[in-house]
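Undergrad: structure for the following, please:
(chains A and B)
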Amino acid sequence: MDIGPPRRIIEVEPVTLPVPETLPEPEQVPEPVPEPAGPGEGAPERRPQPAED
Amino acid sequence: MLDVLVAPRRDTLTEPIVAWRTWTLAGSPDGRELRLLPLFGDRRPWPPREPHRAWCVRRGRHPVPSLTCTCGLYATHGLDGLRRSRDPAVLGTVALWGRVVEHATGYRAEYAYPQRLRLVCFVCFFLAGPDRGSPCEVAVRHRGGRIVPLCAEHLALCRRYDYPMPRLLEGAAVERRLLDTYAVDPLRRV
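TA: The predicted model follows:
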């Protein structure tokens, strides 16, 4: 490719690289591990519902 | 050494330089695995989602690119500089950074990554130039992996003259896959 004679040297130091960020593949995302339920914490607490008018 | 003797003006920028470039294209038989390749030089594919780094094929012991060598990743200031591209498959803009040698009509860079891409029919490119041409109807996948996009008009011409077309892929699908592979935007207008 003919781009003519050289003129100058430029040092380009971009603050952010112009390359898209690579997201992890779905299978690489670790599954959230549920914490073991302690005594009395297994079932969600039922709160009294406010009466509807 | 001449780099030191000539002592050209040296500038520093904090934003990448954006310039123009063409590539050839290679892919798997189903067109899902695609890679941009340079039209000339070392023929190393451009890696998706990571910077492409230049190296000197002459194994010169100098910073790449050097004033006294032809090494580096090439791009042009404008589209006119690409008119003589030989059988391109992809036209686009490219970001350049690191050490960059600016020439009269283009650049040679240490690092590069494509920014916007589109398939081009090489016959349209040859006849009308890089800023014209019809959308690519198909992409012909040749044995060995080379992919040649064609517009509808030149696809018909190729059929009439028995241009070998071992496998035809849908042009729009190949372009979408190319954009996904490199995670870049389409080049709409030039």
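Undergrad: show me what from chain A comes close to chain B.
TA: Within chain A, the positions adjacent to chain B are A:1-15, A:17-20, A:22 by Cβ under 8 Å from any Cβ of the partner chain. Any C-beta I mention is one placed from the backbone N, CA and C, and that applies to glycine too.
Undergrad: among those residues, name the buried ones.
TA: In the residues of chain A next to chain B, burial by neighbour count holds for A:M1, A:I3, A:P6, A:I9, A:I10, A:V12, A:P14, A:P18, A:V19, counting by 16 or more other Cβ atoms under 10 Å in any protein chain shown.
Undergrad: now the two most distant members of the residues you listed.
TA: Set against one another by Cβ to Cβ, these have their most distant pair in A:P6 and A:V19, with a gap of 26.2 Å.
Undergrad: if we can go back for a sec, adding pLDDT and secondary structure, write the buried ones among the residues of chain A next to chain B out as TSV.
TA: Converted to TSV, those look like this (pLDDT from 0 to 100; DSSP: H, G, I helix; E, B strand; the rest coil):
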residue	pLDDT	secondary structure
A:M1	81	coil
A:I3	94	coil
A:P6	94	strand
A:I9	95	strand
A:I10	96	strand
A:V12	96	strand
A:P14	92	coil
A:P18	92	coil
A:V19	93	coil
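Undergrad: which ones are touching the residue in chain B positioned nearest to chain A?
TA: Among residues of chain B, the one nearest chain A by Cβ to the nearest Cβ turns out to be B:A104. It sits 2.8 Å away. Contacts for B:A104 (Cβ atoms under 8 Å, 6 or more residues apart in numbering or on different chains) come out as A:I3, A:G4, A:P5, A:R7.
Undergrad: how near is it to B:L39?
TA: 20 Å (Cβ to Cβ, to the nearest Å).
Undergrad: mind telling me what element the residue of chain A found nearest chain B is part of?
TA: Taking Cβ to the nearest Cβ as the measure, chain A has A:G4 as its residue closest to chain B, at 2.8 Å. Per DSSP states H and E: A:G4 is located in neither a helix nor a strand.
Undergrad: what does the pLDDT read for it?
TA: At A:G4, the predicted lDDT confidence score is 94.
Undergrad: that one contacts B:R108, doesn't it?
TA: No - under the criterion of Cβ atoms under 8 Å, A:G4 makes no contact with B:R108, lying 11.3 Å away.
Undergrad: mind listing the strands for chain B?
TA: Here chain B has its strands, by DSSP state E, at B:10-13, B:17-27, B:34-37, B:52-53, B:73-76, B:90-103, B:106-119, B:136-141, B:146-151, B:167-170, B:185-186.
Undergrad: make JSON lines out of those and add distance to B:R84 and mean neighbour count.
TA: Output for these, formatted as JSON lines (distance: least, Cβ to Cβ, whole Å; neighbours: other Cβ atoms under 10 Å in any protein chain shown):
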{"stretch": "strand B:10-13", "distance to B:R84": "28", "mean neighbour count": "12"}
{"stretch": "strand B:17-27", "distance to B:R84": "10", "mean neighbour count": "22"}
{"stretch": "strand B:34-37", "distance to B:R84": "18", "mean neighbour count": "22"}
{"stretch": "strand B:52-53", "distance to B:R84": "22", "mean neighbour count": "17"}
{"stretch": "strand B:73-76", "distance to B:R84": "10", "mean neighbour count": "26"}
{"stretch": "strand B:90-103", "distance to B:R84": "14", "mean neighbour count": "24"}
{"stretch": "strand B:106-119", "distance to B:R84": "12", "mean neighbour count": "24"}
{"stretch": "strand B:136-141", "distance to B:R84": "21", "mean neighbour count": "23"}
{"stretch": "strand B:146-151", "distance to B:R84": "18", "mean neighbour count": "23"}
{"stretch": "strand B:167-170", "distance to B:R84": "27", "mean neighbour count": "15"}
{"stretch": "strand B:185-186", "distance to B:R84": "25", "mean neighbour count": "14"}
